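J.: Sequence first, then the predicted structure, then my questions.
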Amino acid sequence: DVTIDYFAPIPMATQVKGKVNFNHKRVDVIITSGKSGDLLLKNGHVIFSGLDDKNQNVDVELEIDGPLETVAKIAYREPFRFIDSTGFNSSVITGNSNLKMKLKFLLEEVINLDKIKVSVEALLKDVYVSKLALDLDLTNADLVLNLDNENMSIRGSGLLAGVKTDIELFENFISGKSYRRKYSIKSVVDENSWREKLKLDFPPFNKTYTRGLIGVDLLILVNEDGLGELKAQLDLKDTVITLPRMGWYKPEKVPAIASIIGVFSENKFKSIPKVAYKGGGLTLDAKVSFKKNGDLDQAIVSRLQFGQTDVQAIIAPHSKARDDGWNIHVSGKQLDLIDWLDSDDMPSDKLKGDPVTLSLNIDAIQLYPNKRLPDVNGVIAYDGFVWDQIRLKSGRGENKILDVSLVPKNGKRYLYISAKDAGLI
């Protein structure tokens, strides 16, 4: 029953069983079992060498079982500070661990990390880490950890935000690298939980447009200043995607893919410079900007093509804070509004949708089958239940051929149409 105090950050080894070999040059402690706090020492050795020299060296090699929380706390302390460098709080890391650890250092009164050679291989079971990536919790994870003085890698699978996920993490401990931290995440997710966690509550990510399962292949890079880049490849085959009142719908089992590049800081998006989608007969290219507080500023759609529609758009929240809904400016070659206008009046028990103010500057609009209006400008307003305002003109100056207005008054709506050619109506 031997006690060994070989390195201050690690609890003393107690109840040690094994044997000791020594001479005037070195002491070899061979461990067959023991304890270190609530950690179980399975086997290993501690060698003190250079006893006949000015400097003495310590060589530690141990296999340890025990609570991951204890291991994390040791990794948090001086001189290691491994956990501290990742930004995690060791009090929210739990699980079970089996690790093989090697330490080599010069025996001095004060020891810092750059004088210790560290190597750790560990199997981690039933792991919980709070706010591992993008403010998402990792639970029920089985992981493999490899760590040395230069970097740390973790690979395995678990539940991220409650969804089964394959995950890889890589942490650089040496400054000057192209990134400090890297996450690779692969999963099939329910869009509801991820929309809430990532705060993607705006078009085209909110529930009005997408629902169902999404295949996610996500790469996240974070630099030393905490600025991160997110790159996502999405498999949307099992996702239902809808453009309400626009006559386009992608059902499940229809192949579709999307790619997203986002820039974030402190778990808030700063910008999304790329959103690209293709599938179900629709092609979309867009980018998104955000305000300093993380709220949406605007989404710019540089390309939206499906059916008879070929346009660009700018989407932004209504400018008044008290108003819900969206301002959408649409321009381009052609816009198909047949389904949109057909969806005017809703049943009285229909839940209110998002109000929309739609401003138009279109070369041609299709209002009815085989009926197109050229050179259309104006504004259409939808209050969440019905179209309540319309101000549209087709043609300009002497070439103006149609003027349409819908005006609310005394609880009713009055439609006024002026046209050079009644056949256009």
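T.: Now that the structure is in, tell me what you want to look at.

J.: doesn't Pro317 make contact with Lys291?
T.: No - counting by C-beta atoms under 8 Å, Lys291 does not reach Pro317; the two are 10.0 Å apart. Just so you know, the C-beta spots here come from the backbone N, C-alpha and C atoms, and that holds for glycine as well.

J.: Now do the closest residue to Lys104 other than its chain neighbours, the pLDDT please.
T.: In space, Lys104 comes closest to Lys117 once its chain neighbours are excluded; the distance is 4.3 Å by C-beta to C-beta, 6 or more residues apart in numbering. We have a pLDDT of 89 for Lys117.

J.: Look up how far Tyr209 lies from Lys117.
T.: 54 Å (C-beta to C-beta, to the nearest Å).

J.: ok so, going back, neighbour count winner among Lys291 and Pro317?
T.: Ranked by neighbour count (other C-beta atoms under 10 Å), Lys291 and Pro317 place Pro317 first, with 18 against 12.

J.: returning to that earlier point: looking at Lys117 and Tyr209, which one has more neighbours?
T.: Between Lys117 and Tyr209, counted using other C-beta under 10 Å, Tyr209 has the larger neighbour count: 16 against 13.

J.: Enumerate every residue touching the more buried one.
T.: Counting by C-beta atoms under 8 Å, 6 or more residues apart in numbering, Tyr209 touches 203, 241-244.

J.: Format these as JSON lines; extra columns: pLDDT.
T.: Formatted as JSON lines, the contacts of Tyr209 follow (pLDDT from 0 to 100):
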{"residue": "Pro203", "pLDDT": "58"}
{"residue": "Ile241", "pLDDT": "90"}
{"residue": "Thr242", "pLDDT": "88"}
{"residue": "Leu243", "pLDDT": "83"}
{"residue": "Pro244", "pLDDT": "75"}
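
J.: Filter those residues down to the ones in strands?
T.: Per DSSP state E, strands hold the following members of the contacts of Tyr209: 241-243.

J.: which ones are touching Gly44?
T.: Gly44 touches 31, 60-63, counting by C-beta under 8 Å, 6+ apart.

J.: make it 10 Å
T.: Residues in contact with Gly44, defined by C-beta atoms under 10 Å, 6 or more residues apart in numbering, are 13, 16, 18, 29-34, 60-64, 100-102.

J.: now those: which count as buried?
T.: 13, 16, 18, 29, 31, 34, 60-62, 64, 100-101 (16 or more other C-beta atoms under 10 Å).

J.: which one of these is nearest Gly156?
T.: Nearest to Gly156 among these: Lys100, at 16.8 Å, using C-beta to C-beta.

J.: circling back to that earlier point, which residues are in contact with each of Lys291 and Pro317?
T.: 297-298.

J.: one step back: export the ones in strands among the contacts of Tyr209 as a markdown table, with columns for neighbour count and distance to Asn172.
T.: Formatted as a markdown table, the ones in strands among the contacts of Tyr209 follow (neighbours: other C-beta atoms under 10 Å; distance: C-beta to C-beta, whole Å):
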| residue | neighbour count | distance to Asn172 |
| --- | --- | --- |
| Ile241 | 22 | 38 |
| Thr242 | 15 | 43 |
| Leu243 | 20 | 43 |
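
J.: ok, of those residues, which one's closest to Ile257?
T.: Distances from Ile257 to those, taken as C-beta to C-beta, are shortest for Ile241 (11.7 Å).

J.: Just to check, that closest one is in contact with Ala256?
T.: Yes - the pair Ile241 / Ala256 is scored as a contact, 7.0 Å apart, by C-beta atoms under 10 Å.

J.: close enough to count as contact, Gly95 and Gly156?
T.: No - Gly95 is not in contact with Gly156 according to C-beta under 10 Å; the separation is 11.0 Å.

J.: Comparing those two, which shows the higher neighbour count?
T.: Remark: of Gly95 and Gly156, Gly95 carries more neighbours, 22 against 19, as counted by other C-beta under 10 Å.

J.: what pLDDT does that one get?
T.: On the pLDDT scale, Gly95 is placed at 92.

J.: hey, C-alpha coordinates of stretch 212-231 in CSV?
T.: Extracted in CSV, the C-alpha atoms of stretch 212-231 (Å, rounded to 0.1, in the frame of the first residue of the first chain):
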residue,chain,number,x,y,z
GLY,A,212,-38.9,17.5,-42.6
LEU,A,213,-35.5,15.8,-42.4
ILE,A,214,-32.3,17.4,-43.7
GLY,A,215,-29.0,15.6,-44.4
VAL,A,216,-26.2,17.8,-43.0
ASP,A,217,-22.5,17.8,-43.8
LEU,A,218,-21.1,20.7,-41.8
LEU,A,219,-17.6,22.1,-41.5
ILE,A,220,-16.9,24.9,-39.0
LEU,A,221,-13.5,26.7,-38.7
VAL,A,222,-12.8,29.1,-35.8
ASN,A,223,-9.8,31.4,-35.7
GLU,A,224,-7.9,32.7,-32.6
ASP,A,225,-10.1,35.8,-32.5
GLY,A,226,-13.3,33.7,-32.2
LEU,A,227,-14.5,34.5,-35.7
GLY,A,228,-15.9,31.4,-37.4
GLU,A,229,-16.8,30.2,-40.9
LEU,A,230,-19.5,27.6,-41.4
LYS,A,231,-19.7,25.5,-44.6
